[in-house]
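**Q** Here's a sequence, model it:
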Amino acid sequence: MSEHGGKTYRRWDPERYQQGSYSPAAKLSEGDLVFFLLETVPRLDLSRFYAPYEQETRGAPPYDPAMMSCLLIYADCVGVFTSRKIALACERNLAFIAIVGDERPDFCTISDVRKDHLEAFIELFVDVLRLAKEAGMVTLGNVSMDGTKLQGNASRHKAMSYGYMKKEVERLREDIEALVTQAFQQDEADEAALGSRRGDELPAELERRETRLAAIEAALQRLEEQAKAEAEAERQRRAEAEAERQRQGQKRRGRPPKPVEETPPDNAQMSFTDAELHIMQTNNKGWDYCGNAQASVDEGYQIILAGDVTDAPNDKQQATPMAPATLANLAQAGIDWPTDETGEPQAIPSTLDSGYYSEAATQALEDLGFDPYIAVGRHKHHEPESETSAEPATAKEHMAAKMRTPQGKALYARRKVIVEPVFGQIKEGRGFRRFLLRGLKKIRGEWLLVCLTHNLLKIWRYGWAQKAA
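**A** Next up, the predicted model:
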């Protein structure tokens, strides 16, 4: 004890602390997340993590894949995402030391393991879903789907518009032609000054311009292909709208629409750091290069059943791929289809917001065995419902009538406490707001790693931690 000004304080001896030995088990609580993962992760199927090393005999022995996978999973769970921060935590954080011990992987190794094993983490997602099933945490009483925008690893400052690209291509071609002409006009004195070099290398300026020209031309082609795909989607949308008018016997109002353009507008942009991502409007009304992260979430304990990332700025076409992915994961995890008292299979209620609605999406969900409840428009709070006595004549009217039923209202009201909090827990609670990798394939794997760690956190909080308490 020490005294100062008449007050007695607890002893503080930093010199002794510097020499002390600390055990994670002695300092952390028995129900800590890290001990749950140390017990759980080795029981998962990690054969895909071990496979790349089985036939490799060169070099020093690698870190145990079980340790590295446990390290990455724990880091994602506690919101430490970058490789450098993970490496630093392995030196200073008791929970991280409980995983790695005296083996301290550097940030390059951690980054390589994350990138090299993305496919293995995708398969591990189903294994974790199987754990949730064994814990009784998948009920299939209401499966809700939604999407959220996550910033990509792409810079707005390294992007170029379609119109500027065309001008830049012409300028670079003129520069290249001038440089090539200049290269052919070099005399013998210049050749003598080359010394030991062969003399047929491309001038640095010419090589730089040719590389830049190739990159811009590739971006031009991608923008043109994207514009053609969007034009085809617009034609299909117009055809469906016209068919709907024909069924209702209505005439088109206003001026006829402009012809569909297959050429990108001059202000269409593409980033050179990640060409697969598009610029999207974010929740703060700004614009950035983003991935549209999708999740299918079960009602019971907010377990994520399926996840994906798309480059589409809206959710209109996402119900169709997400529903089969959900069913495939349920089948692989051995989760049984819900049945009634007689044992007959029952449709799984599924709630989606208005951004997903289309007649095709509704039909696809029903064909797959879901009972969809999809909002067909936005309604103001406390706005009185309009009286509709006529029999629904169209698919949209039928869905609107279905949403007005007591069951429809009750199911859809639950959506805001099923899927929306999941995105809040990931983005606000854990701080995952930006993808670290580039390319749709890689960020899909990165998103599924985030999703499986979300599920592990749920299993720990509702199951393992309570047993240990």
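
**Q** only C-alpha atoms for contact and neighbour calcs from this point on.
**A** Will do.

**Q** quick check: mean pLDDT across whichever strand or helix holds Gln18?
**A** Take DSSP states H and E as the rule and Gln18 turns out to sit in helix 14-19. Throughout helix 14-19, pLDDT has a mean value of 73.

**Q** what do you get for stretch 237-246?
**A** For stretch 237-246, the mean per-residue pLDDT is 76.

**Q** Tell me the secondary structure at Val138.
**A** Here Val138 is recorded as coil under DSSP: H, G, I helix; E, B strand; the rest coil.

**Q** again with Tyr373
**A** Under three-state DSSP, Tyr373 falls in the strand class.

**Q** was I right about it contacting Tyr356?
**A** No. With contact defined as C-alpha atoms under 8 Å, Tyr373 does not count as touching Tyr356 (10.5 Å).

**Q** So these two - more neighbours on which side?
**A** Tyr373 (26 against 23; other C-alpha atoms under 10 Å).

**Q** State the helix or strand in which Ala89 lies.
**A** Going by DSSP H and E, Ala89 is part of helix 83-92.

**Q** Give the other helices and strands that the helix or strand just after that helix contacts.
**A** Per DSSP H and E, helix 83-92 leads on to helix 94-100 as the next helix or strand towards the C-terminus. Applying 3 or more C-alpha pairs under 8 Å, 6 or more residues apart in numbering; DSSP states H and E, one finds that helix 94-100 contacts helix 24-27, helix 33-40, helix 65-77, helix 83-92.

**Q** Quick check: which of the ones you listed has the most neighbours on average?
**A** Greatest average neighbour count among the helices and strands packed on helix 94-100 goes to helix 65-77 (a mean of 22), per mean count of other C-alpha atoms under 10 Å.

**Q** Alpha carbons of it, as CSV, please.
**A** What follows is helix 65-77 as a C-alpha-only set of coordinates in CSV (Å, rounded to 0.1, in the frame of the first residue of the first chain):
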residue,chain,number,x,y,z
PRO,A,65,-3.8,-24.2,-40.3
ALA,A,66,-6.1,-24.9,-37.3
MET,A,67,-4.3,-22.1,-35.4
MET,A,68,-4.4,-19.7,-38.3
SER,A,69,-8.1,-20.3,-39.0
CYS,A,70,-8.9,-19.9,-35.3
LEU,A,71,-6.9,-16.7,-35.3
LEU,A,72,-8.7,-15.1,-38.3
ILE,A,73,-12.1,-16.2,-36.9
TYR,A,74,-11.4,-14.7,-33.5
ALA,A,75,-10.1,-11.5,-35.0
ASP,A,76,-13.2,-11.1,-37.2
CYS,A,77,-15.4,-11.8,-34.2
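
**Q** Now do it: everything it contacts.
**A** Residues outside helix 65-77 that contact it (C-alpha atoms under 8 Å, 6 or more residues apart in numbering): 33-34, 37-38, 41-42, 46, 49-50, 81, 86, 96, 99-100, 110, 113-114, 430, 449-450, 453-454, 457.

**Q** Now do that helix, average pLDDT.
**A** What helix 65-77 shows for mean pLDDT is 93.

**Q** Glu242 and Cys290, how far apart?
**A** 33 Å (C-alpha to C-alpha, to the nearest Å).

**Q** Can you report phi and psi for Tyr412?
**A** Main-chain torsions, Tyr412, degrees, to the nearest 10: phi -70, psi -30.

**Q** got the contact list for it?
**A** Shown in contact with Tyr412 (C-alpha under 8 Å, 6+ apart): 351-352, 373, 403.

**Q** Let me know the closest of those to Glu225.
**A** Of all the contacts of Tyr412, Leu352 has the smallest distance to Glu225: 30.1 Å, by C-alpha to C-alpha.

**Q** Can you check the pLDDT for the closest one?
**A** Looking at Leu352, its pLDDT is 93.

**Q** Residues in a beta bridge with it, which ones?
**A** With DSSP bridges applied, Leu352 shows beta-bridge pairing to Ile374.

**Q** How many residues are close by it?
**A** Neighbourhood size, Leu352 [other C-alpha under 10 Å]: 22.

**Q** what does Thr211 give?
**A** Thr211, neighbours per other C-alpha under 10 Å, totals 10.

**Q** Over to Arg43?
**A** 11.

**Q** With His278 instead?
**A** Neighbours around His278, by other C-alpha under 10 Å: 22.

**Q** Kindly report the same for Gly136.
**A** Taking other C-alpha under 10 Å as the criterion, the count of residues near Gly136 is 13.

**Q** What about it? Give its phi and psi, please.
**A** Backbone geometry at Gly136, expressed as degrees, to the nearest 10, gives phi 70, psi 30.

**Q** Tell me which helix or strand in this structure has the weakest average pLDDT.
**A** Sorting the helices and strands of the chain by mean pLDDT, DSSP states H and E puts helix 188-192 at the bottom, at a mean of 52.

**Q** And Arg114, how close does it get to Cys90?
**A** The value you get for Arg114 to Cys90, if C-alpha to C-alpha is used, is 16 Å.

**Q** Equivalent analysis for Arg48, please.
**A** Taken as C-alpha to C-alpha, the span from Arg48 to Cys90 is 24 Å.

**Q** now do Glu15
**A** Taking C-alpha to C-alpha, one finds Glu15 at 23 Å from Cys90.

**Q** How about Pro42?
**A** From Pro42 to Cys90 the distance is 19 Å (C-alpha to C-alpha).

**Q** now do Ala275
**A** 34 Å.

**Q** Specify the residue ranges that define each domain of this protein.
**A** Here the domain assignment for the chain is 2-116, 139-154+278-438, 157-186+203-248+262-271, based on automatic domain parsing.

**Q** could you give the angle of the helix or strand hosting Trp447 to helix 65-77?
**A** For Trp447, the element it lies in under DSSP H and E is helix 440-459. Calculated by axes from the mean of the first three to the mean of the last three C-alpha atoms, to 10 degrees, helix 440-459 forms an angle of 80 degrees with helix 65-77.

**Q** counting contacts, what elements does helix 440-459 pack onto?
**A** Using 3+ C-alpha pairs under 8 Å, 6+ apart, helix 440-459 is in contact with helix 65-77, helix 118-134, strand 304-310.

**Q** In CSV: those, plus distance to Arg252.
**A** What follows is the helices and strands packed on helix 440-459, written out as CSV (distance: least, C-alpha to C-alpha, whole Å):
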stretch, distance to Arg252
helix 65-77, 53
helix 118-134, 48
strand 304-310, 33
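
**Q** Next, Thr8: secondary structure please.
**A** What three-state DSSP gives for Thr8 is strand.

**Q** quick one: it from Glu15, how far?
**A** According to C-alpha to C-alpha, Thr8 stands 20 Å off from Glu15.

**Q** Asn267: neighbouring residues, count only.
**A** 11.

**Q** Now do the strands in this structure.
**A** Ranges of strands in the chain, per DSSP state E, are 2-4, 7-9, 143-151, 159-161, 269-271, 278-281, 287-298, 304-310, 348-352, 370-374.
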